[in-house]
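S.K.: what follows is a predicted structure for the sequence shown.
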Amino acid sequence: AQTVTQSQPEMSVQEAETVTLSCTYDTSESDYYLFWYKQPPSRQMILVIRQEAYKQQNATENRFSVNFQKAAKSFSLKISDSQLGDAAMYFCAYRSLRGAQKLVFGQGTRLTINP
Amino acid sequence: ETGVTQSPTHLIKTRGQQVTLRCSSQSGHNTVSWYQQALGQGPQFIFQYYREEENGRGNFPPRFSGLQFPNYSSELNVNALELDDSALYLCASSWGLETQYFGPGTRLLVL
């Protein structure tokens, strides 16, 4: 079974600075998807970024980018120019391409933005 | 385009009761997945429905059951509620294998 580990329960960063959230995963599969979701206090899980394992190029969405290291099974999220609205729980998630398209989530990292 | 909606937003039940949670999928989506998120934890997969058929199930007992309707909306039913069922229940919809988009969740408290 696949597992996802987020080793940083909490992180904080100054507004306008850059922060990196870590995620590692375990799988024997070669094709899969990885995601970062953001969950603000409003509770709704919001997609931040998605990475297909077969793509070598790291995904980027505006201020959000990932460092995908397939051999190391590492998938970190970098947030540049942090804004107050970025404060939330961030979850890393794995999705197999086999069977049910379920998401396997990590435990989450709580990100605080200091003004 | 209408996003994923869930009802009710909050619910309080007592142990042993039954509960039904509802989810309307995003327009154009044919797949619905349900997740349970205990306080301070990441969501756990309950089951998934694709075109009205169960398409996979996580490690949850049979008292967790579901339905998907022809319009792709879905229900999650939980019988014989236990205290540990207290959690945020999240519904996510997608078009087949594509990215899942989540609703705002239903907070269930079992007393």
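M.R.: Arrived safely, thanks for sending.
S.K.: report pLDDT for the closest residue to chain B within chain A.
M.R.: Distances between chain A and chain B by Cβ to the nearest Cβ are smallest at residue A:100, namely 2.1 Å. C-betas here are computed from N, CA, C, even on glycine. Reading off the confidence values, residue A:100 has pLDDT 77.
S.K.: OK, contacts around it?
M.R.: Counting by Cβ atoms under 8 Å, 6 or more residues apart in numbering or on different chains, residue A:100 touches B:33, B:45, B:47, B:48, B:55, B:56, B:57.
S.K.: do residue B:110 as well
M.R.: Residue B:110 touches B:12, B:13, B:14, B:15, B:17, B:81, B:82, B:83, B:84, B:85, B:86, counting by Cβ under 8 Å, 6+ apart.
S.K.: using PyMOL, define a selection of the buried residues within those residues.
M.R.: Buried residues among the contacts of residue B:110 (16 or more other Cβ atoms under 10 Å in any protein chain shown), as a PyMOL selection:
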select buried, chain B and resi 13+81+85+86
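S.K.: and the furthest pair within the contacts of residue B:110?
M.R.: Farthest-apart pair in those is B:12 and B:84; separation 15.4 Å (Cβ to Cβ).
S.K.: of the contacts of residue A:100, just the buried ones, PyMOL syntax please.
M.R.: Buried residues among those (16+ other Cβ under 10 Å), as a PyMOL selection:
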select buried, chain B and resi 33+45+47+48+55+57
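S.K.: for the contacts of residue A:100, give me TSV that also has distance to residue B:111, secondary structure and pLDDT.
M.R.: TSV is the format used below for these (distance: Cβ to Cβ, whole Å; DSSP: H, G, I helix; E, B strand; the rest coil; pLDDT from 0 to 100):
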residue	distance to residue B:111	secondary structure	pLDDT
B:33	28	strand	95
B:45	26	strand	96
B:47	26	strand	96
B:48	30	strand	94
B:55	33	strand	90
B:56	31	strand	91
B:57	27	strand	94
